[in-house]
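Student: compute the structure for the input listed below.
(one chain, ligands or ions: 2)
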Amino acid sequence: MRSAAVLTEAFRSRGLKVTPQRQLLFRLLEANTSHPTAEALYAVASAQMPGISLRTVYQTLNDLAEMGELQMLDLGTGAARFDPNLDDHHHLVCDVCGEIRDVHVPGADLLAPTGGTQGFAVTSAQVVFRGHCAQCRVNP
Ligand SMILES: [Zn+2]
Ligand SMILES: [Zn+2]
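Tutor: Numbers count the residues shown, from 1 in each chain. Ligands and ions are numbered 1, 2, ... in the order given. Modelled structure (predicted):
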């Protein structure tokens, strides 16, 4: 995801309003590695700007995803997770608390199914490692 300042310009050039609420969300997402849900981001945002609505959070996240600034991930944790990291990367997912970490997997782009792709034109492969994070291993 690009910086809050650049995103402000990108939104304006598309005729989208850039309110203080949206600018707060841009700042909260910039370099955010927690893969927040919309609700988690809303909780942090409303602590800093009481009165921001969950609807604004959803709308802003959807706009950013449509603009290709944010990845929307379904990693089986119950709600969509939002990831501003657009680099080629993969994920560690904690089955207990839902924590998600970025990891790099050398050779992931070379992965291919045994027996070929059955006519699919594969465009990407996502590797998800599931298990228990360090915190949950200590306090199960
Ligand atoms: Zn955990
Ligand atoms: Zn990620």
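Student: right, and residue 11 touches residue 63 too?
Tutor: Yes: in this structure residue 11 lies within contact range of residue 63 using C-beta atoms under 8 Å: 7.3 Å. C-betas here are computed from N, CA, C, even on glycine.
Student: ok, those two, which is more surrounded?
Tutor: Comparing residue 11 with residue 63 by other C-beta atoms under 10 Å, the one with more neighbours is residue 11, at 21 against 18.
Student: and for the more buried one, nearest residue in space, chain neighbours not counted?
Tutor: Computed as C-beta to C-beta, 6 or more residues apart in numbering, the closest residue to residue 11 that is not its neighbour in sequence is residue 18, at 4.9 Å.
Student: which ones are touching residue 104?
Tutor: 88, 89, 90 (C-beta atoms under 8 Å, 6 or more residues apart in numbering).
Student: and stretch 95-110, anywhere near ligand 1?
Tutor: Yes: where contact is defined by C-beta under 5 Å from the ion, part of stretch 95-110 touches ligand 1, namely 96, 97, 99.
Student: ends of that stretch, how far apart?
Tutor: Stretch 95-110 has its terminal residues 27 Å apart, counting by C-alpha to C-alpha, to the nearest Å.
Student: and for stretch 28-38?
Tutor: From start residue to end residue, stretch 28-38 stretches across 12 Å - C-alpha to C-alpha.
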